[in-house]
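# Quick one: sequence plus predicted model below, questions after.
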Amino acid sequence: MLTEGQHRTLQIIKDYVIANGFAPTISEILDLMRVKSRSLVQRNLQCLANDGSIRLIPNRRRNIELVEEVQLCLPLIGRIAAGQPIEAIANPEMINIPALLLGADRYLLEVKGDSMIGDNICSGDLVMCKHSDTAHAGEIAVVLVDDESATLKRVQHNKKNGIITLIPSNPALEPQDYEAHRIKIQGIYIGLLRLEK
């Protein structure tokens, strides 16, 4: 029977694994529990190991392993045609969702408008971006114009005249030219989430 402190320690480990894809160190558990007693955390971990909730692996800095699997991966079970039918071949592999989506440099923005529909970025989508203050030519970037309005556009640099062109992918809209000092790159688009409502 686990104590309240041991349950709390186990939940902290599970939450950390879900957020990061790997278990915390003892120091990280101390910080998350807001306690200073390393021996208390070590006792809790030993009790969790004796209970069979975790395994403690010797000679490793991150030496905690959850016995009960936390679902971090989703199966990629094959390919499906969105045009001409293709042969259905099972090719199972696991995709680590936290490693794919999470990171200190990642963030989401909700799209409003239809300027990027040619890239299948639609109003209501959540675009995943990574922090960056530069964008290569042709990349879709989060751009701040005149320190006040943000937009998602392809970026084109014209080094001869110092003009940056923001290019929508909606053919009904025109590209817009700005002097470079008016533009700040805030991130690079790396993917999107579209959930059916």
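Received, thanks.
# For residue 14, which three-state class applies?
Three-state assignment for residue 14 (DSSP: H, G, I helix; E, B strand; the rest coil): helix.
# buried sites along stretch 188-197?
Of all the residues in stretch 188-197, those buried under the rule 16 or more other C-beta atoms under 10 Å are 188-190, 192. Where C-beta positions appear, they are placed from N, C-alpha and C, glycine not excepted.
# actually stretch 28-44, sorry about that
28-30, 32-33, 41, 44.
# Farthest pair within the buried residues of stretch 188-197?
Greatest spacing in the buried residues of stretch 188-197, by C-beta to C-beta: 188 and 192 (13.0 Å).
# before we move on, the earlier item: mind listing which of the buried residues of stretch 28-44 are in helices?
Taking DSSP state H, the ones among the buried residues of stretch 28-44 that sit in helices are 28-30, 32-33, 41, 44.
# and those residues, which two are the farthest apart?
Most distant of those, by C-beta to C-beta, are 28 and 44, 13.9 Å apart.
# Tell me the one of the ones in helices among the buried residues of stretch 28-44 nearest residue 138?
Distance to residue 138 across these (C-beta to C-beta) is lowest for residue 28, with 39.8 Å.
# distance of the closest one from residue 114?
Distance of residue 28 to residue 114, computed by C-beta to C-beta, to the nearest Å: 44 Å.
# thinking again about what came up before, I'd like the ones in helices among the buried residues of stretch 28-44 as TSV, with pLDDT appended.
Formatted as TSV, these follow (pLDDT from 0 to 100):
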residue	pLDDT
28	93
29	92
30	91
32	91
33	89
41	91
44	92
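# and residue 108, that's in a strand?
Yes. If the criterion is three-state DSSP, then residue 108 is within a strand.
# Which pLDDT value goes with it?
Listed pLDDT for residue 108 reads 89.
# Which residues are in contact with it?
Contacts of residue 108 were listed using C-beta atoms under 8 Å, 6 or more residues apart in numbering, and they are 126-129, 193.
# cutoff 10 Å now
101, 125-129, 192-193 (C-beta atoms under 10 Å, 6 or more residues apart in numbering).
# Understood, closing this out.
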